[in-house]
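**Q** Attaching a predicted model along with its sequence, questions to come.
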Amino acid sequence: MKSLLMAATAACAITTGLAACATMEAQAQSPAPAPAATAETDAFPATPEGARAFVLDAEERLAEMGEYAARVAWVRNTYIIHDTMWLEARANAEYTELGVQLATDAARYNDVDADPVTRRKLNILRQGLTLPAPNRPGAATELSEIATRLDSTYATGKFAYNGEELTLNDAEEIIAESRDPAVTEAMYEGWRTISPVMTEDYARLVEIANEGARDLGFADTGAMWRSGYDMDPDAFAAETDRLWAQVEPFYENLHCYVRARLNERYGDEVQPATGPIRADLLGNMWSQQWGNIYDVVAPESLPESTVDLTELLVAADYDAEQIARTSERFYTSIGLDPLPQTFWERSQITRPEGREVVCHASAWNVDNVDDLRIKMCTRVNAEDFQTMHHELGHNFYQRAYNQQPFLFRNGANDGFHEAIGDFAALSAATPTYLNQIGLLDTVPGEDEDITFLLRMALDKIAFLPFGLMVDRWRWDVFSGETTPAEYNDAWSENMLRYQGLVPPGPRPENAFDPGAKYHVPGNTPYTRYFLAHIYQFQFHRAACEIAGWDGPLHRCSVYGNEEVGRRFNAMMQMGMSQPWPQAMEAFTGSPENDATAVAQYFAPLDAWLTEQNRGQNCGWEA
């Protein structure tokens, strides 16, 4: 799963620059005690007028510091050496100290009858850091240094295999293409040798961040993260459980089918016919998407798909920039303005030679206005074609809300930011779209629908339990329910419970498998991706209805429909200025989370899988 990266890794999960790291809480949860007055806070008395002046001053300070820290972070991400790591750690520490100060000062106004806009901004400030440092000398610096070290350890990770040193990109390609279980196991295990060194740092990071969260009135950092969804933290956790329950039966159906095909391919010794699936056989380093093994699970009773996007791109002589230009044209076709020329001048679209960089795909708005960029090591293949459409969605969203007050320059919630790009990628995945842009001469008939939907489900549906389990693990870590000694066992237990997967062999005593997934050492909350996999289908269904599409939802492309673009942009322009249900309703007509669009999209496949699984002992024991 690709995602937009933090612009200041240690400070917060930055989606659009420093201010957008702030998540939002509609009603303050367990307010922190008001801090003692200082010379700084005395300038803004605890009155409605003082609160309003305070947030305006805070926005000005955050804008200035945010751009500085984001530019430093860009340099470190695209040129990793000791000095850029040092610079980023220092910039992040300064920003974190500012964020902690503003969050603490915002608590002075908890009992003030502030106007609704000011109250919303105060709540955003109070939750403005993904990793809140305690308000004591040295804490922000230590937290920043640890976070930068964790991020860079991941980014520069390599391991030896057959006399060669492999990067993550190398290992990902091998695990995707190899059908030798010994090789896939070596890739799976090899990449996880980079993370045991992170364990002590990660445990200390949790300790410091929890102290900071408690200073702000939260039980722990996980509770603070869950507070950013316009509802009580426990209610939000229950809501994600409800959404998972809506799609879990379909996942179990897919799991059952894939397990049977793997058993046929490899036999009982490698993949038993019952129980969990061996994780390294699924073609992805984290088993979060299974599309790379389509050749293994392809149904023999149905015609082969005539659409191979990677082959189409290669045949059309696409390069990385052309993939980016084509992705931009999707958005301009629905009436949005092109990206600025500086995007093309300043982005990292391909991996540069001769230096270490963070290749994890990310979208940036460096100045929180219009200095839009992406950072990718783009390859000419189907995956990166989809990823590029996704990442540019972040950029178009960032620009759409750049006229909002500074603290509202963010997605309605963090799931929205991920879903915006994925919504575009759903259209971009269809043969209809590939035909519209000239990559495909003829749209296949309905006899290829099941193969198309199976390919899609191997990525979209297979991802859902992974999207849920990462933060379920972290919430337990932050709460103390999972201790450092239990980190890896708890991760493996979550894999089994949610995904029905097991590692290829016993884990080493010092294993820290969570650290082998970027978003853990990178400190990026992950439930946003689970939500995005629900929201994107809601957005897609709504867009197809706006476009007047008359046909199966999985065949719909809204390329070229400017009415869709008008409604879409109206939602994006709201940024974080309103509770997310209002933004949802502006585009979809409903304020609710709803996974029925997922079921509608995949209904033909679910019925087909049910037939294929007759007589199988589906499920697994957690």
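**A** The structure has been received and is ready for your questions.

**Q** Now do the helices in the stretch 101-250 of the chain.
**A** Along the stretch 101-250 of the chain, the stretches classed as helices by DSSP state H, counting those that start in this stretch are 116-126, 139-155, 168-177, 181-191, 199-215, 221-226, 233-266.

**Q** For burial, what's the neighbour tally of Gln75?
**A** Wrong residue type there; residue 75 is Val, not Gln. 16 (other C-beta atoms under 10 Å). In short, each C-beta sits where N, CA and C put it, glycine included.

**Q** do you know how far it is from Arg149?
**A** Here Val75 is placed at a distance of 17 Å from Arg149 (C-beta to C-beta, to the nearest Å).

**Q** quick revisit: of the helices of the stretch 101-250 of the chain, flag the one that's most buried.
**A** Of all the helices of the stretch 101-250 of the chain, helix 221-226 has the most neighbours on average by mean count of other C-beta atoms under 10 Å, namely a mean of 26.

**Q** could you say what helices and strands that helix packs with?
**A** Helices and strands touching helix 221-226, by 3 or more C-beta pairs under 8 Å, 6 or more residues apart in numbering; DSSP states H and E, are helix 199-215, helix 233-266, helix 449-479.

**Q** what is the mean pLDDT for that helix?
**A** Per-residue pLDDT over helix 221-226 has a mean of 94.

**Q** Only alpha carbons, please: show that helix as CSV.
**A** Provided in CSV are the C-alpha atoms of helix 221-226 (Å, rounded to 0.1, in the frame of the first residue of the first chain):
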residue,chain,number,x,y,z
THR,A,221,-1.6,8.0,22.1
GLY,A,222,-4.0,5.5,20.6
ALA,A,223,-7.0,7.1,22.3
MET,A,224,-5.8,10.4,21.0
TRP,A,225,-5.6,9.1,17.4
ARG,A,226,-9.2,7.6,17.7
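
**Q** Other residues contacting that helix?
**A** For helix 221-226, contacts defined as C-beta atoms under 8 Å, 6 or more residues apart in numbering pick out 23, 29, 127, 130-132, 206, 209-210, 212-213, 216, 218, 233-234, 236-237, 471, 474-479, 525, 527.

**Q** now for the helices and strands packed on helix 221-226, which one comes closest to Glu509?
**A** Nearest to Glu509 among the helices and strands packed on helix 221-226 is helix 199-215 (11.2 Å), distances taken as C-beta to C-beta.

**Q** got the residue ranges for the strands in the stretch 301-450 of the chain?
**A** For the stretch 301-450 of the chain, applying DSSP state E, counting those that start in this stretch gives strands covering 362-365, 372-375.

**Q** So for Tyr331, which of these sits nearest?
**A** strand 372-375 (11.8 Å).

**Q** Pull the residues that contact that closest one.
**A** With contact meaning C-beta under 8 Å, 6+ apart, strand 372-375 is reached by 5, 74, 77-78, 324, 339-340, 342-343, 346-349, 357-358, 361-366, 388, 391-392, 395, 398-399.

**Q** Show the buried residues in those residues.
**A** For the contacts of strand 372-375, a burial check counting by 16 or more other C-beta atoms under 10 Å picks out 5, 74, 77-78, 324, 339, 343, 346-349, 357-358, 361-366, 388, 391-392, 395, 398-399.

**Q** Please tell me how far the spatially closest residue to Ala171 that is not a sequence neighbour sits from Glu172.
**A** Spatial nearest neighbour of Ala171, excluding adjacent residues (C-beta to C-beta, 6 or more residues apart in numbering): Met187 at 4.6 Å. From Met187 across to Glu172, the span is 8 Å (C-beta to C-beta).

**Q** Determine the next helix or strand in the C-terminal direction from the helix or strand of the chain with the lowest mean pLDDT.
**A** Ranked by mean pLDDT, DSSP states H and E, the weakest helix or strand in the chain is helix 39-42, scoring a mean of 54. With elements assigned by DSSP states H and E, the helix or strand that comes after helix 39-42 is helix 48-78.

**Q** other SSEs contacting that next one?
**A** Going by 3+ C-beta pairs under 8 Å, 6+ apart, helix 48-78 lies up against helix 82-106, helix 116-126, helix 139-155, strand 362-365, strand 372-375.

**Q** and that helix with helix 139-155, angle?
**A** Orientation of helix 48-78 against helix 139-155 (axes from the mean of the first three to the mean of the last three C-alpha atoms, to 10 degrees) gives an angle of 30 degrees.

**Q** What are the buried residues along helix 48-78?
**A** The neighbour-count check on helix 48-78 (16+ other C-beta under 10 Å) flags 50-52, 54-56, 58-59, 62-63, 65-67, 69-78 as buried.

**Q** can I assume Glu356 is in contact with Ile81?
**A** Yes. Contact criterion C-beta atoms under 8 Å: Glu356 and Ile81 qualify, at 7.4 Å.

**Q** would you list the helices of the stretch 101-250 of the chain in a markdown table and tack on distance to Leu454?
**A** Formatted as a markdown table, the helices of the stretch 101-250 of the chain follow (distance: least, C-beta to C-beta, whole Å):
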| stretch | distance to Leu454 |
| --- | --- |
| helix 116-126 | 42 |
| helix 139-155 | 32 |
| helix 168-177 | 17 |
| helix 181-191 | 21 |
| helix 199-215 | 37 |
| helix 221-226 | 34 |
| helix 233-266 | 9 |
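
**Q** can you tell which of these is closest to Pro508?
**A** Among the helices of the stretch 101-250 of the chain, helix 181-191 comes nearest to Pro508, with 8.7 Å by C-beta to C-beta.

**Q** Just the residues contacting that closest one, thanks.
**A** Residues outside helix 181-191 that contact it (C-beta under 8 Å, 6+ apart): 157, 159-161, 166, 168, 171, 174-175, 178, 266, 270, 278-281, 285, 503-505, 516.

**Q** ChimeraX command to pick out the buried ones of those?
**A** A single ChimeraX command selects the buried members of the contacts of helix 181-191 (16+ other C-beta under 10 Å):
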select :157,159,161,166,168,171,174,175,178,266,270,278,279,280,281,285,503,504,516
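
**Q** so how far is stretch 601-616 from its chain's centroid?
**A** 29 Å (C-alpha atoms, centre = their mean, to the nearest Å).

**Q** With stretch 472-480 instead?
**A** With C-alpha atoms, centre = their mean, you get 18 Å for stretch 472-480.

**Q** same check, this time on stretch 381-388
**A** 16 Å.

**Q** do stretch 438-450 as well
**A** Mean-position distance between stretch 438-450 and its chain equals 30 Å (C-alpha atoms, centre = their mean).
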